[in-house]
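[1] Below are the sequence and a predicted model for it; my questions follow.
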Amino acid sequence: MTEKETRTIMTRYCVIGGGAAGMSALVQLREAGFEVDCYEKSDRVGGHWQHDYDALHLITSRDMTHFEGFPMPAEYPHFPSRKQVVAYLESYAREKGLYDIIQFNTAVESVVPIAIEGPVGSAGWTVTLSTGESKDYDGVLVGNGHLWDQKVPNFQGEFTGKASTPVPTRTPQTSTAIASSWSGSATPAVIWRSTPLRTTSRWMW
C-alpha cells in the first residue's frame, strides 16, 4: 500500500482533551469530513482555564488569541481574565455544537499502537477509556495540556511555610512564607495572591 493510499483511508480520529487545543482540533477535523471522537475527563470544556488560580489572565492580547472566525467579544479588555476566557471557550463550544460531541467524564487510560509489520502507528491505535471500552482509531491527537500533572520538587532543608504549585491556588491564602518552584508568568501573580502580608517568599529554580 502506498503512502498516498494510507493517507486516504485514515478517516477516524480520536481527540484527547476538551480544552482550547482539543476543541480546535475537533472542529477542524470534522469540517474536513473526518469521523472524530473527543474525550474529556472533567465535566466541562476549557481545560486548565477552568481550574487554575483566580488571578490568571491572558498574557497575549485579546485580538491575537482566538479561534479562526470566532473573535473574542469586543468589550473584553486587551488581556482578558480567567473567567472571561472560560466564557469565551464555552461560547465557542456552544456555537460549534461541541457539547453534543465531546464525551465528558471520560479519561483516556492508554493509547497503544496496533501491532503490524511496518512503521509504528501505521495500522492505527487502540484507545482504552476509563469506562472500560477500547476503540481503534487511525490517528490520535493529544490535547491534554501541560498542567494536568503537578510536579512538586523535593525541598532541601526545613521549610515551615506552604509549598504549592500554581494550579490549585484558586483564592488568596494568608501565609507568612511561600516556596515557589516555578519561574514562569504565573509565579508573581500566585505569590502576590498567596502572601497578602507581603513577607517572605523564596523561588526554587
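    Okay, I see it.
[2] Which secondary structure state is assigned to E117?
    coil (DSSP: H, G, I helix; E, B strand; the rest coil).
[3] try T126
    strand.
[4] in this structure, which helix has the most residues?
    Among the segments of the chain that qualify as a helix by DSSP state H, the longest is helix 82-95.
[5] distance between that helix and the chain's centre?
    Distance of helix 82-95 from the chain centroid (Cα atoms, centre = their mean, to the nearest Å) equals 14 Å.
[6] Just the buried residues of it, please?
    82, 84-90, 92-93 (16 or more other Cβ atoms under 10 Å). No exception for glycine: its C-beta is placed from N, CA and C like everyone else's.
[7] List the contacts of that helix.
    By Cβ atoms under 8 Å, 6 or more residues apart in numbering, the residues outside helix 82-95 that reach it are 18-20, 23, 44-46, 49-50, 52-58, 66-67, 70, 72-73, 76-77, 80, 98-99, 102.
[8] For the buried residues of helix 82-95, give me JSON lines that also has pLDDT and distance to T160.
    Shown next, in JSON lines, are those (pLDDT from 0 to 100; distance: Cβ to Cβ, whole Å):
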{"residue": "R82", "pLDDT": "94", "distance to T160": "30"}
{"residue": "Q84", "pLDDT": "96", "distance to T160": "37"}
{"residue": "V85", "pLDDT": "96", "distance to T160": "36"}
{"residue": "V86", "pLDDT": "97", "distance to T160": "35"}
{"residue": "A87", "pLDDT": "97", "distance to T160": "40"}
{"residue": "Y88", "pLDDT": "97", "distance to T160": "41"}
{"residue": "L89", "pLDDT": "97", "distance to T160": "39"}
{"residue": "E90", "pLDDT": "98", "distance to T160": "41"}
{"residue": "Y92", "pLDDT": "98", "distance to T160": "45"}
{"residue": "A93", "pLDDT": "98", "distance to T160": "44"}
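[9] Including distance to Q28, could those go into JSON lines?
    Formatted as JSON lines, the buried residues of helix 82-95 follow (distance: Cβ to Cβ, whole Å):
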{"residue": "R82", "distance to Q28": "25"}
{"residue": "Q84", "distance to Q28": "24"}
{"residue": "V85", "distance to Q28": "20"}
{"residue": "V86", "distance to Q28": "22"}
{"residue": "A87", "distance to Q28": "22"}
{"residue": "Y88", "distance to Q28": "18"}
{"residue": "L89", "distance to Q28": "16"}
{"residue": "E90", "distance to Q28": "19"}
{"residue": "Y92", "distance to Q28": "13"}
{"residue": "A93", "distance to Q28": "14"}
